[in-house]
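Visitor: Sequence below, structure please.
(chains A and B)
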Protein chains: 2
Amino acid sequence: MQIDRSPLARPFPQLPDIAGVTLRVARARYKTWDRCDLTFAELAEGTAAAGVFTKSACASSEVELGREAVKLGRARALVVNAGNSNAFTGWRGRAAVEAIRAQVSGALGCSLDEVFVSSTGVIGVPLPIDRAEAGITAALEAAPCGWEDAANAIGTTDTFAKGAGASAMIGGTRIEMAGIIKGSGMIAPDMATMLGYIFTDANVAPAFLQEVLESANAATFSCITVDGDTSTSDTVMVFATGKAGNAPIESWDSPGADAFAAALADVCRTLAQLVVRDGEGARKFITIRVSGATSDVSARMVGLSIANSPLVKTAIAGEDANWGRVVMAVGKAGEPADRDKLSIAFGGIWTARNGVPVEDYDETPVAAHLKGEEIDIAVDLGLGDGRASVWTCDLTHGYIAINADYRS
Amino acid sequence: MQIDRSPLARPFPQLPDIAGVTLRVARARYKTWDRCDLTFAELAEGTAAAGVFTKSACASSEVELGREAVKLGRARALVVNAGNSNAFTGWRGRAAVEAIRAQVSGALGCSLDEVFVSSTGVIGVPLPIDRAEAGITAALEAAPCGWEDAANAIGTTDTFAKGAGASAMIGGTRIEMAGIIKGSGMIAPDMATMLGYIFTDANVAPAFLQEVLESANAATFSCITVDGDTSTSDTVMVFATGKAGNAPIESWDSPGADAFAAALADVCRTLAQLVVRDGEGARKFITIRVSGATSDVSARMVGLSIANSPLVKTAIAGEDANWGRVVMAVGKAGEPADRDKLSIAFGGIWTARNGVPVEDYDETPVAAHLKGEEIDIAVDLGLGDGRASVWTCDLTHGYIAINADYRS
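Guide: Below you'll find the predicted structure:
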């Protein structure tokens, strides 16, 4: 089945080279396709690593080993396999990840725990060790490539390559940041997974890098949803080579810590939104802004309840200002809410205020807003200062076509 | 938009008259349609009442008043309005419910709290008091009607009338039970709501009736899902007139308590499954049996995670034995699970055992099972004795068509 490029796609941006990062891609041929499907990022000695991983209780061996290794905070290499997720493959799957780590640590002269592996694609089929080894051998001999090549090589059902960059001034030193991500729907046919990697030349202590990533993650990757489904392999990692030469950022008190965190959050937000833009069957990009909640976390939960509601998503697909479905989704969120304080707006126009429809409500400008590609829903709970933004896409016949009509 | 009768529909059953219950229907004309849309059930003096209501934080005034009144445990009348949910209508909506209660209590000479009201249909429009009053006046003068007429009158976007009955022997006395329900999708266009009412001539103490209903609800209505969405008006009530003359059932120690509870659970299960069979766009009825969980509640949560997964539901629609999506849904449920102890079967045939695909797995019989209308998914978590069954339907183009293409 040929899946068309998403109408919400964005062109791949110009991204800077990151000192201390060398990208290479190769053909491991995990599927019967003629494309690069193994990505190898070599990282300078001393690179700091941080990562956040799926909370799935059925996570892959890649995630299990990555979760442990990232606690040591150091990385020399990242290997990403596309076409086979190696999930639900028992000890054979684990052996494949360990074989990859052994081969790479031997080639680079680093520890096993400095080699991070991700895999994405079909599940239940152990990653073939011979293909992985041949692919890594080919990658080690390949010429370095650019960001877009790597972004394409980590993709599976993605309909466009996704990247984002940022820079910041850290105590007079300019640092660069570049990230790539794959994912179309939280899960595409056969659990396509969200895998994101951000690289920077900043000098950042591993523990603080982890803290900044978790903070950025809470407001970005944790605020997107396509279908509420969660892959067994979702991973976002940050690697900081330190080659920019700035004074190390070790805590929020270090000079430039805020600037670095802002740049990382910016890249994470852009990457997260690009995944939504490649949501299966997506034709509209929806921003849901929740305010007046009892806390930021509560605001996010309400926002995700709206964003995950099939009835809200189909109403947007149908360009229908059905704010009643938003009320329903707020009500079922399980968070503090008061029907008589609830207000709802589409495209900046309030349709309901304090629990009742706005008098003399004119649907014309709302209908015009809903015909566009970028939809804005605002919900004010009228209870407190908690706020959050959440991003999703509409639910269309395209989603059904990709996920039901397609036979794996 | 004309919505076809669900292919999973069942004929309306023969249901017994229930002594002490008189049903009447009338035209309140809440919408511009020519059909009965107001249902009035008159109940004998001394009728015990029990109810479970939506947990939505944005519940309608009907639900708010019903939750309070049911604590008193007595009912003389039920009024159900179809075509207008009266939800999100502020004080005007509340005034409409209070006007209905006042009119009926005056006509029957009972207290306000013995009159229960439900409304279902469009939201954000206060229920017109004049139409409600004229409808009740007409109902009071109308000839009594049968169960199927009442089942049709409470329906909105339902494609078929839904009813179920049972009988039981209580200490030598035969008691009868009859129930009707409406709902197609947890939520149909404009929040169609699930409203269910069960009537029995058994003599049951109100507090015990509530306990038995809550127990039955946990294993039936709480185990169905169409799209994971929850209406602001969902209500299930039981009315026991006591006219059968059995010795009162007051606790689990009373003679016949188990038989009564079994009959009620049976009616609740059938009614719940009928709602799934009218799920929007449903073409397959899916039973998900979870075993080996750490508790029954945990098993139900895992079952609902599977049943609510758009990826699982689209896979079934596509007749695809994509057990990887079931693994994903188990993993994201947030309940205890161990990838390496997980087993999954379709139609009684195990596709994965203890975390790995079954060797020499033959897809032929599984593919044949998936072509049928009744789909069975079994998941064994391998951890404990907790078990639950959950029912849902597939996610098809029909759901999108009803909810996106339809303009409210």
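
Visitor: does the longest helix anywhere in chain A come close to chain B?
Guide: Identified as the longest helix of chain A according to DSSP state H is helix A:257-277. No - when contact is scored as Cβ under 8 Å from any Cβ of the partner chain, no part of helix A:257-277 falls within range of chain B; the minimum is 15.1 Å. (Each C-beta comes from the backbone N, C-alpha and C, glycine too.)

Visitor: can you tell if the following helix or strand past that helix touches chain B?
Guide: Later in the chain than helix A:257-277, the nearest helix or strand by DSSP states H and E is strand A:285-293. No - judged by Cβ under 8 Å from any Cβ, strand A:285-293 makes no contact with chain B; its nearest approach is 11.9 Å.

Visitor: Show the average pLDDT along strand A:285-293.
Guide: Strand A:285-293 carries an average pLDDT of 97.

Visitor: And it, what does it pack against?
Guide: helix A:257-277, helix A:296-307, strand A:374-380, strand A:386-393 (3 or more Cβ pairs under 8 Å, 6 or more residues apart in numbering or on different chains; DSSP states H and E).

Visitor: Number of residues surrounding A:G245?
Guide: Each residue near A:G245 was counted by other Cβ atoms under 10 Å in any protein chain shown, and the total is 12.

Visitor: who touches it in this structure?
Guide: Taking Cβ atoms under 8 Å, 6 or more residues apart in numbering or on different chains, we find A:G245 in contact with A:T173, A:N203.

Visitor: Please apply the same query to A:A263.
Guide: Contacts of A:A263 were listed using Cβ under 8 Å, 6+ apart, and they are A:A166, A:S167, A:A168, A:I175, A:M177.

Visitor: For it, give me the pLDDT.
Guide: Reading off the per-residue confidence, A:A263 sits at a pLDDT of 97.

Visitor: distance of it from A:V275?
Guide: The spacing between A:A263 and A:V275, counted by Cβ to Cβ, to the nearest Å, is 19 Å.

Visitor: same check, this time on A:M177
Guide: Using Cβ to Cβ, one obtains 18 Å as the distance from A:M177 to A:V275.

Visitor: Same question for A:F346.
Guide: Taking Cβ to Cβ, one finds A:F346 at 24 Å from A:V275.

Visitor: for A:M328, same thing?
Guide: Distance from A:M328 to A:V275, counting by Cβ to Cβ: 26 Å.

Visitor: Have a look at the two and say which one is more surrounded.
Guide: Each of A:M328 and A:V275 had its neighbours counted (other Cβ under 10 Å), and the higher figure belongs to A:M328 (32 against 24).

Visitor: right, and that one touches B:S231 too?
Guide: Yes - between A:M328 and B:S231 there is a contact at 6.4 Å, judged by Cβ atoms under 8 Å.

Visitor: Could you verify that A:T32 is part of a helix?
Guide: No - according to DSSP: H, G, I helix; E, B strand; the rest coil, the state of A:T32 is coil, so it is not within a helix.

Visitor: Flag every residue of the stretch 51-200 of chain A that's near chain B.
Guide: Of all the residues in the stretch 51-200 of chain A, those lying near chain B are A:54-59, A:87-90, A:92, A:122-125, A:187, A:190-191, going by Cβ under 8 Å from any Cβ.

Visitor: Derive a ChimeraX selection command for the buried subset of these.
Guide: Of those, the buried ones go into a single ChimeraX selection, burial set by 16 or more other Cβ atoms under 10 Å in any protein chain shown:
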select /A:54,56,57,58,59,87,88,89,90,122,123,124,125,187,190,191
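
Visitor: From the residues of the stretch 51-200 of chain A next to chain B, which land in helices?
Guide: Using DSSP H, the members of these that fall within helices are A:G90, A:R92.

Visitor: Contacts only, for A:V330.
Guide: A:V330 touches A:V302, A:S305, A:I306, A:A337, A:L342, A:V379, A:L381, B:A57, B:C58, counting by Cβ under 8 Å, 6+ apart.

Visitor: how deep is the closest residue to A:P7 other than its chain neighbours tucked in, by neighbour count?
Guide: Computed as Cβ to Cβ, 6 or more residues apart in numbering or on different chains, the closest residue to A:P7 that is not its neighbour in sequence is A:R283, at 5.8 Å. Other residues within reach of A:R283 by the criterion other Cβ under 10 Å amount to 17.

Visitor: How about the one 4 residues further on?
Guide: If you count neighbours by other Cβ under 10 Å, A:T287 ends up with 17.

Visitor: Go ahead and confirm it touches A:I375.
Guide: Yes - applying Cβ under 8 Å as the test, A:T287 and A:I375 come out as touching, 7.1 Å apart.

Visitor: quick revisit: dump the helices and strands packed on strand A:285-293 into CSV; add distance to A:F221 as well.
Guide: What follows is these, written out as CSV (distance: least, Cβ to Cβ, whole Å):
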stretch, distance to A:F221
helix A:257-277, 5
helix A:296-307, 12
strand A:374-380, 20
strand A:386-393, 10
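
Visitor: which one of those lies closest to A:Y399?
Guide: strand A:386-393 (8.9 Å; Cβ to Cβ).

Visitor: Report the mean confidence score over that closest one.
Guide: Strand A:386-393 comes out with an average pLDDT of 94.

Visitor: Quick one: list the elements packing against whichever helix or strand comes after it.
Guide: In the C-terminal direction, the helix or strand that comes right after strand A:386-393 (DSSP H and E) is helix A:397-400. The criterion is 3+ Cβ pairs under 8 Å, 6+ apart, and the helices and strands that helix A:397-400 contacts are helix B:310-317, helix B:397-400.

Visitor: List of residues touching helix A:397-400?
Guide: By Cβ under 8 Å, 6+ apart, the surrounding residues in contact with helix A:397-400 are A:185, A:227, A:279-283, B:310, B:314, B:317, B:395-397, B:399-401, B:404.

Visitor: Run through chain A and note the low-pLDDT ranges.
Guide: A:1-2, A:185-192, A:227-230, A:405-408 (pLDDT under 70).

Visitor: domains for it, by residue range?
Guide: The record, using automatic domain parsing to delimit domains, assigns chain A the ranges A:21-277, A:285-405.

Visitor: chain center to the last one: distance?
Guide: A distance of 22 Å separates the centroid of the chain from that of domain A:285-405, by Cα atoms, centre = their mean, to the nearest Å.

Visitor: same question, the longest one
Guide: Taking Cα atoms, centre = their mean, the mean C-alpha location of domain A:21-277 is offset from the chain mean by 10 Å.

Visitor: ok, what's across the strand from the closest residue to A:Q273 other than its chain neighbours?
Guide: With Cβ to Cβ, 6+ apart as the criterion, A:Q273 has its nearest non-adjacent residue at 5.5 Å, and that residue is A:W391. Under the criterion DSSP bridges, A:W391 forms beta bridges with A:I224, A:T287.

Visitor: next one: A:R353
Guide: The partner list for A:R353 in beta bridges (DSSP bridges) reads A:V356.

Visitor: From A:D234, how far out is it?
Guide: Spatial separation of A:R353 from A:D234 under the definition Cβ to Cβ is 38 Å.

Visitor: how near is A:R277 to A:F346?
Guide: When Cβ to Cβ is the yardstick, A:R277 and A:F346 sit 20 Å from each other.

Visitor: Go ahead and list the helix or strand containing A:S215.
Guide: Assigned by DSSP H and E, A:S215 belongs to helix A:206-219.

Visitor: List of residues touching that helix?
Guide: Outside of helix A:206-219, the residues within contact range by Cβ under 8 Å, 6+ apart are A:48-52, A:70, A:72-74, A:204, A:236, A:238, A:240, A:249-252, A:254, A:257, A:260-261, A:264-265, A:268-269, A:300, A:388-389.

Visitor: same thing but 6 Å
Guide: Residues external to helix A:206-219 that are found in contact with it (Cβ atoms under 6 Å, 6 or more residues apart in numbering or on different chains): A:A48, A:A50, A:V52, A:G73, A:V238, A:A240, A:E250, A:S251, A:A261, A:L264, A:A265, A:C268.
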